[in-house]
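Only the shape, not the letters, is given here:
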């Protein structure tokens, strides 16, 4: 079973600097799972209960297909392989991709153009724990000048079976960490 926990923090212009930044930096990167967490129905091989912390409801683009070995979630893509999961960072998956800054891009020499960042963050084998941390600043489409900021922490744990201690994401240190953190002005 692949366990995915999303910890989302969001704030606006009024909460940018001190003392709010200091408070955000001390927030936990993972949380204890709810008591009935492992009692949920698990008929999807890519079962991923969510635990969301934050001031906004938006968690990004989510797309799953039980017949598929792929999940699109927030800014990541999870691809089931033989006995592991490939975890990719996909900037183009962000819920407000067009308004998100700074743009994460890479140069494609074949087309002589920049394209949204799409790269392998890490591979997860059985009993491995990975974490992706990324941030962005968003402007609404209606252009009133107000913006908001988000930092997402996505914890992924490839469990050997369907049970684990509820505090496993808190007590255990990630084996792999991928960061896409930018200075947000």
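Received the coordinates, thanks. It should be emphasised that the depicted structure is a prediction, and the values quoted were computed from it without experimental measurement.

Paired strands for the helix or strand harbouring residue 133, with orientation please.
Element membership for residue 133 (DSSP states H and E) is strand 129-138. Sheet pairing here is set by DSSP bridges, and for strand 129-138 it gives strand 100-101 (antiparallel), strand 148-158 (antiparallel), strand 176-180 (parallel).

what mean pLDDT would you report for it?
What strand 129-138 shows for mean pLDDT is 91.

swap in stretch 70-87?
88.

buried stuff in that stretch?
71, 72, 73, 74, 75, 76, 77, 78, 79, 85, 86, 87 (16 or more other Cβ atoms under 10 Å). Any C-beta I mention is one placed from the backbone N, CA and C, and that applies to glycine too.

Tell me the first helix or strand C-terminal of the lowest-mean-pLDDT helix or strand in the chain.
Here the helix or strand of the chain ranked lowest by mean pLDDT, DSSP states H and E is strand 62-64, holding a mean of 49. Next in sequence after strand 62-64, counting helices and strands by DSSP H and E, comes strand 70-73.

In contact with the residue nearest the centre of the chain, which residues?
Centroid check for the chain by Cα atoms, centre = their mean gives residue 154 as the closest residue, at 3.6 Å. Applying Cβ atoms under 8 Å, 6 or more residues apart in numbering to residue 154 gives the contacts 4, 5, 6, 7, 73, 74, 76, 131, 132, 133.

Report how many residues lie close to the residue lying closest to it once chain neighbours are set aside.
The shortest distance from residue 154 to any non-neighbouring residue, by Cβ to Cβ, 6 or more residues apart in numbering, is to residue 132 (4.5 Å). Counted with other Cβ atoms under 10 Å, residues neighbouring residue 132 total 24.

So residue 132 sits against residue 176, correct?
No: using Cβ atoms under 8 Å, residue 132 makes no contact with residue 176, being 9.2 Å away.

quick one: average confidence on the helix ranked longest in the chain?
What stands out as the longest helix in the chain, according to DSSP state H, is helix 20-25. For helix 20-25, the mean per-residue pLDDT is 82.

Now do it: everything it contacts.
9, 11, 151.

Now do the same contact list for the last one.
What it means is residue 151. Residue 151 neighbours (Cβ under 8 Å, 6+ apart): 8, 9, 10, 24, 133, 134, 135, 181.

and it, how far is that from residue 80?
27 Å (Cβ to Cβ, to the nearest Å).

any idea what sits nearest residue 87, other than its immediate chain neighbours?
residue 121 (4.8 Å).

list the contacts for that neighbour?
Per Cβ under 8 Å, 6+ apart, neighbours of residue 121: 76, 87, 88, 89, 130, 132, 176, 178.

With residue 78 instead?
2, 4, 46, 70, 71, 85, 86, 87, 88, 156.

May I see the buried residues of whatever helix or strand residue 124 lives in?
Here residue 124 sits within strand 118-125, counting by DSSP H and E. By neighbour count, with 16+ other Cβ under 10 Å as the criterion, the buried positions of strand 118-125 are 121, 122, 124.
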